[in-house]
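Sequence isn't available, so here's the structure alone:
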């Protein structure tokens, strides 16, 4: 809003001061929200970092075991064991509210299956394949955990960015503009006041000169 | 919902062994197409992709994968992925250093 479009009236001044009060209040609350979000983010950050490292480590071992399994038993044996599986992990998504941000809660059905429940024959396959399956089951379990945390982080980051932008917009754009308008109206009113006093004085002088004459 | 895995045949074979059904072993030139398809699919809750494969994808797609929540794209591998960049942008500091 340009200053020039403002009507320098008393009601406008009242309206502007009310707006300033509201903006300051909102700014304070948004700042609190931002700090709360950042705090929440820091709580999750460490966990997510650990999980990421865990995934890297688990993936490395899983890769090694499957490499050994397919080198010794052949790729076809590994694949046929994989196709014989009867246990398939399922995941459920639920949502949770975290400081106004909706974050998912991912739960999975059992991923790590005991050896005899996997579905392929124990005798038909070698222990190397079992080991590889073990390693990958663990990896998938960690991936599911990481999925929940990383989504939460993504959502939190988005919300933090948005809140930050709002806080800054209020602080550096909206508030200064409103304050400028308030100042303009106040000065303008004061000037009108002085104009009026001067006029009154002149009339008083004139009437005084008239009565004297 | 289910977990889906996309990548080279040697990357995905182990996940098949862990019981995952939506496993797509594709050639590198088909990767982009498959990922786009899976991002649209309703039954996929988590999409695991090798972090090296992600690095080779065009930036717009990477951004889209990063922003996607349903499904969540999880990079598997040694690299940190795009999360680090996102954190640096939002917080102003590099908080995601692991080393």
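In hand now; what should we look at? Just so it is clear, the structure is predicted and the values come from calculations on it, not from any experiment.

So residue B:4: helix, strand or coil?
strand (DSSP: H, G, I helix; E, B strand; the rest coil).

where does the chain have low pLDDT?
By default, I'm working from chain A. Within chain A, the segments meeting pLDDT under 70 span A:1-4, A:111, A:121-122.

that's the wrong chain, I meant chain B
For chain B (pLDDT under 70), the answer is B:79-81, B:97-99.

Would you mind naming what in chain B lies close to chain A?
With the criterion set to CB under 8 Å from any CB of the partner chain, chain B comes near chain A through B:1-3, B:13-21, B:45-46, B:48, B:66-67, B:69-70, B:72, B:74, B:76-78, B:80, B:83, B:86-87, B:89-91, B:95-96, B:98. Using the backbone N, CA and C atoms, a C-beta is placed for each residue, glycine as well.

taking those one by one, which sit in strands?
Residues of the residues of chain B next to chain A located in strands (DSSP state E): B:2, B:3, B:45, B:46, B:48, B:72, B:74, B:76.

Check which helices and strands whichever helix or strand residue A:62 is part of sits against.
According to DSSP states H and E, residue A:62 maps onto helix A:10-72. Helix A:10-72 sits against helix A:75-83, helix A:127-169, helix A:175-212, helix B:9-17, strand B:72-76, helix B:83-91, with contacts defined as 3 or more CB pairs under 8 Å, 6 or more residues apart in numbering or on different chains; DSSP states H and E.

now the longest one against helix A:175-212, angle please.
Inter-element angle recorded for helix A:127-169 and helix A:175-212: 10 degrees (by axes from the mean of the first three to the mean of the last three CA atoms, to 10 degrees).

quick check, helix A:127-169 touching chain B?
Yes - judged by CB under 8 Å from any CB, helix A:127-169 comes into contact with chain B at A:129, A:132-133, A:135-137, A:139-140, A:143-144, A:146-147, A:150-151, A:153-155, A:157-158, A:160-161, A:164.

Narrow those to those that are buried.
Neighbour-count burial (16 or more other CB atoms under 10 Å in any protein chain shown) is assigned, among these, to A:129, A:132-133, A:135-137, A:139-140, A:143-144, A:146-147, A:150-151, A:153-155, A:157, A:160-161, A:164.
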